[in-house]
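1. Output the structure for:
(2 chains)
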Number of protein chains: 2
Amino acid sequence: MMGQHRRKANGAVRIGLLGCGTIGGGVARHLLMQRHVLSRHVGCPLQLVRVAEIDLARARREGVPEELLTTDARAVVRDPEIDIVVELIGGTGVARQLVMEAMRHGKHIVTANKALLAKSGLRLHAVAQRHGVDLFYEASVGGGIPIIKSLREGFVANKIHSVYGIVNGTCNYILTRMAADRLEFDVALKEAMAQGYAEADPSLDIEGHDARHKIGILASIAFGQWIPQEAIHVEGIMRVTALDIQCAHELGYVIKFLAIAKAEEGGLHARVHPTLLPAHTMLANVNGVYNAIEVNGTPIGTTLFYGRGAGRDATTSAVIADIVDVARNVRLASHERLPTFTFTTRPRPLKPMSEVWSKYYLRCTTVDRPGVIAAISRELGSRNIGLTSVLLHETARGAYSTILFMTHRAREADVQAALRAINRLPVVKAKTVLLRVEPSEE
Amino acid sequence: MMGQHRRKANGAVRIGLLGCGTIGGGVARHLLMQRHVLSRHVGCPLQLVRVAEIDLARARREGVPEELLTTDARAVVRDPEIDIVVELIGGTGVARQLVMEAMRHGKHIVTANKALLAKSGLRLHAVAQRHGVDLFYEASVGGGIPIIKSLREGFVANKIHSVYGIVNGTCNYILTRMAADRLEFDVALKEAMAQGYAEADPSLDIEGHDARHKIGILASIAFGQWIPQEAIHVEGIMRVTALDIQCAHELGYVIKFLAIAKAEEGGLHARVHPTLLPAHTMLANVNGVYNAIEVNGTPIGTTLFYGRGAGRDATTSAVIADIVDVARNVRLASHERLPTFTFTTRPRPLKPMSEVWSKYYLRCTTVDRPGVIAAISRELGSRNIGLTSVLLHETARGAYSTILFMTHRAREADVQAALRAINRLPVVKAKTVLLRVEPSEE
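-> You can find the predicted model right below:
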C-alpha cells in the first residue's frame, strides 16, 4: 500500500474516464448531468476532470466539455489530480496496460471489462492490493444487476454451492426466438443481427467466450479463488436445433444457454453450454435479451437476480454505482474496505470436464426396427448410466425414428464413451445429439 | 455526530446481541462458529461479547457461552465496550426503546425489525444521523435477498419508478396452493399452518400488515422520502376465491399478493392487495414461500430479485451481512459512509387510493338474461372506464351467470363508484368481485 495515496479527499473526488464510446459516453453524460445528485450520494463533490478518447468528435457528441478532452490516455492515468480511473476502452491490450499503470500511480479502478478481468483478474487484484487501491467491475457481468456486490457483500455469510447464469443476452434472445416461432438457429441469428442484438461478428457470443468470461468472474468471487479461463469447458449454441427445442418442450424442459459453476466434493468446476431446464423454473422463464443469475448457498438457499444484461443504460447504472462506491472510500480514506476477492486459505482443485457429473438428454436417429432401444440402452447401462425416461418421438425423418433418452446423474467421461459407442451402432443413422440437464443433483 | 464515537476499532469490533430466539439464535450461532472467516472479511476480529435474552435456557441451547449471557438488555445498549447492537427482539415496544438508547450511546444498529422501521423509520434515521451511527436493516424485507443494499448502493444512479413485491411468503404459499389444487382460502390457510408456514394467529400476514411494513420500507428507500404506514392502502387475501383464481387463469393471469409502490406524475403511492399478473411474467412464476421484488428504474430498466423471504437461515444471512458492513465502517471510522436514506430536497405528494389509476378485473354474478352485459357496461362506460374484454364464464351458479370484465386504465374513485352502481342493478345477484391488474401502464 502506498501511503501517499491513502488520503481523504480534500474538496472533491476526481474522475478520469478512458474511452467515450457507447458505454463511456453514457457514463460521461450521467456524471456530467447528475453531478449534484451523485455528489450528495458520495458526501463531497464528484467531478469528471478528464476524458480520454481517440475519436474526439464522438466525445463531443456526448456533451463532454472541450477542456476535459484529451487523446492521451497515458496522461490521464498519471495525472496526480485524479483519484479514480474509469476504464471503458475494452479489450485486453491497451486497456490492460492503462489499468496496470493507473494502479501503480495509486488510482482506484472502475471497469466494465469482462475479458480483462476474466483473463488477468488474479494479476490485477495482486497489483491493486500491492498499491492499496480499489478495483471494481460490477458492470462486467449482468449489466446493471448488482450481482458482484451481492456476492461480495450481501452473501458474505454464505458458503456458495453453485452459480447458474443466463449471462449472454444475444444467445438468450436467439434461443427465445427459436422456441417461440420454431426457427432454426441461422434464421434466429440473422434476426438478432437485424435487431441489433448480435454483433456483425457474433462468434464471441454464440461460441460462448463471452459467457466464459462472465462465469469465470462470478465463480472466482463466489469460491474465493481465481478460476482460469482454460479450466472452463465451453460449447456454443450453434448446434442447437429447432427439433431439440421441440423435443425438450415435450419432455417439460426449455433449452437455455447456461453458464454453470459448482463447488462439489472433489473440487470446483465451471462450464458453459446449452442446457435443458425444467420449464417451471425461474431461469427457464428468463426470455429475450434479459440475463439472470441464480446463486445457491448456505444459509441463504436459492436466490435469483434478473435484469438487462447489456446495453448502454444498464451498464451505465453499474459503472456509476461502482464510481460512487469507490468515491465514498476516497472521501473517507477507506480504500480496501472490501478485502481483495480471495482469502481462501485452501484453494480447491479444479475438476476437468470428464470428471463432472450431470444428467443428460440424448436424441438418437435410428432405423425403425425392434431392438434398437435395447441396443442403445445397453451401451448406456454397461457404463452405469441409468435412464429416467425413453421417448419414441413422433418426428419422421424418412424411414428413421427419433428416440429421446433422459439419464440419471452420470459421469461425463462415461457418457462420452457411451456416445461414441452408440454412434458406432449400425442401427444409428445420424450423429446422436447430447445435451446436459440441470439441476443435476438427485 | 458525536466525535467520541467516531473512532477506528482498536483490536476488535464488539457486538452486543438483543434477543436470542429463532433469528437471534441463528445469528449468535453464526457469529460464534464463523468468527474467523467473518474477521477476515471485516479486516479485524469480530467478537460477540454480550447476548441479552430473557429465556437464558434458550440462549444456552444455541451454544452461547455462559459469560456472554445476560437478562439485562439495558446494560448491553449502555456498555462502553460495545460497537454494534444487533436488535432481534422484534416488536415496537421495548425494541424501540433499546434501539433509541443504544444510538444515543453511540452504538451502530443492525436490526431485522420491519414493524419498527416501517412505523418509526423517520425518527430512527434522524436519531442515527444526530449521533453519527449506522442503522442497517437488510433483513427487514425479503429475508436474505440483498434488496435494500441494491436499492441504496447498486441502483444509486437510478430514478426508481416502481417497486412490485411478493414480500409475504405465507400469503404466496397460500395462493400457490389454492391455484395448484383449486383449494379455497380456508383450506389452504389450514394447510399453511400445519406446514409451519403460517402463524397460529395469521392475521398480520393474511390481512397484509406485514406486507405494508415491507413496502413502506422499500418505497421510502426507493423514493428518498419516508412513506407513512397510514398512507398505504391495504387489502388482505382472505376474500380471494378458487373461482377467481380459475377465472384469472382462463384470462391468462395469475393472482398474486402484491405490494406496489409507484412514482407517477402527480405523486407517489403505495398499496398492498391481491393482483392479477400476466401468467408469463417473472413475478407470476414466483411460487411457494419464495419472495421476489421487481424494481423498475432509469437507466436500469426492469430488474428482479428472488429468494427465500423469511426463516432463520435466510434472515441470518442478511443480519450477518449488515454486521460485517457496519463492522468495516467501525474498523475504518467510515460510519455514515452511506448517507441517511433521504436527501430528497423536494418530497413528492402522496396520492390517496381514490386517485390511483389501475386496470381492473370485475366478476359479476347476474341473472341469465339479454341486456345484462349492456347494463353493466353502461355503468362503467358512463364513468370513463373502458373495457379490454368481456367474458361470459361457464361457471353455473344455480340460475345465475358469471361475467368477467377486464378494464383499461381507470381511476380508482370512478371504478368504486361504478362498482356501487353495478351492485345496485336488479340483474346483479351477488356482490361483484373487484381485483386490480398489473402492470397497469398502457
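
2. and the stretch 1-150 of chain A, which residues reach chain B?
-> Contact residues, the stretch 1-150 of chain A versus chain B (C-beta under 8 Å from any C-beta of the partner chain): A:26, A:30, A:34, A:38, A:40-41, A:43, A:138, A:144-146, A:149-150. From N, CA and C alone the C-beta is placed, and that goes for glycine too.

3. again, 6 Å this time
-> Residues of the stretch 1-150 of chain A lying close to chain B (C-beta under 6 Å from any C-beta of the partner chain) are A:40-41, A:144, A:146, A:149-150.

4. from these, which is closest to chain B?
-> residue A:146 (2.9 Å; C-beta to the nearest C-beta).

5. sorry, back to before: looking at the residues of the stretch 1-150 of chain A next to chain B, which is nearest residue A:14?
-> residue A:41 (16.2 Å; C-beta to C-beta).

6. show me the contacts for residue A:389.
-> Residue A:389 makes contact with residue A:406, according to C-beta atoms under 6 Å, 6 or more residues apart in numbering or on different chains.

7. Make a PyMOL selection of the buried ones in the residues of the stretch 1-150 of chain A next to chain B.
-> PyMOL command restricting those to the buried ones, with burial defined by 16 or more other C-beta atoms under 10 Å in any protein chain shown:
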select buried, chain A and resi 41+144+146+149+150
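
8. Domain map for chain A?
-> As assigned by automatic domain parsing, chain A contains the domains A:3-144+A:312-332, A:147-308, A:353-437.

9. Which among those domains is found nearest to residue B:60?
-> Using C-beta to C-beta, the domains of chain A put domain A:147-308 closest to residue B:60, at 21.6 Å.

10. could you pull out the helices for the stretch 1-150 of chain A?
-> A:22-33, A:35-42, A:56-61, A:73-78, A:94-104, A:114-131, A:147-149 (DSSP state H, counting those that start in this stretch).

11. With mean pLDDT as extra columns, can I get the ones you listed in a markdown table?
-> Shown next, in a markdown table, are these (pLDDT from 0 to 100):
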| stretch | mean pLDDT |
| --- | --- |
| helix A:22-33 | 97 |
| helix A:35-42 | 94 |
| helix A:56-61 | 97 |
| helix A:73-78 | 98 |
| helix A:94-104 | 98 |
| helix A:114-131 | 95 |
| helix A:147-149 | 97 |
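
12. Spell out which parts of the stretch 201-350 of chain A neighbour chain B.
-> A:285, A:299-301, A:303-308, A:313-314, A:316-317, A:320-321, A:324, A:328, A:332, A:334, A:337, A:343.

13. could I get the helix or strand of chain A with the lowest mean pLDDT in PDB with only the CA atoms?
-> Of all helical and strand segments in chain A, the minimum by mean pLDDT, DSSP states H and E falls on strand A:387-397, at a mean of 84. This file holds the C-alpha atoms of strand A:387-397, laid out as PDB (Å, rounded to 0.1, in the frame of the first residue of the first chain):
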ATOM      1  CA  LEU A 387     -32.300 -43.900 -17.600                       C
ATOM      2  CA  THR A 388     -35.200 -41.800 -16.200                       C
ATOM      3  CA  SER A 389     -37.200 -41.900 -19.400                       C
ATOM      4  CA  VAL A 390     -37.200 -43.100 -23.000                       C
ATOM      5  CA  LEU A 391     -39.500 -41.500 -25.600                       C
ATOM      6  CA  LEU A 392     -40.000 -42.500 -29.100                       C
ATOM      7  CA  HIS A 393     -40.500 -39.200 -30.700                       C
ATOM      8  CA  GLU A 394     -43.100 -38.700 -33.400                       C
ATOM      9  CA  THR A 395     -40.800 -36.900 -35.800                       C
ATOM     10  CA  ALA A 396     -40.400 -38.900 -39.000                       C
ATOM     11  CA  ARG A 397     -37.200 -38.400 -40.900                       C
END
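
14. neighbouring strands for it, and are they parallel or not?
-> strand A:400-407 (antiparallel) (DSSP bridges).

15. just to revisit the earlier point, can you tell me which of the domains of chain A is nearest to residue B:233?
-> Smallest distance to residue B:233 across the domains of chain A (C-beta to C-beta): 27.4 Å, for domain A:147-308.

16. residues touching the residue in the stretch 151-300 of chain A positioned nearest to chain B, list them.
-> Closest residue of the stretch 151-300 of chain A to chain B, C-beta to the nearest C-beta: residue A:154 (2.9 Å). Residue A:154 makes contact with B:146, B:149, B:321, according to C-beta under 6 Å, 6+ apart.
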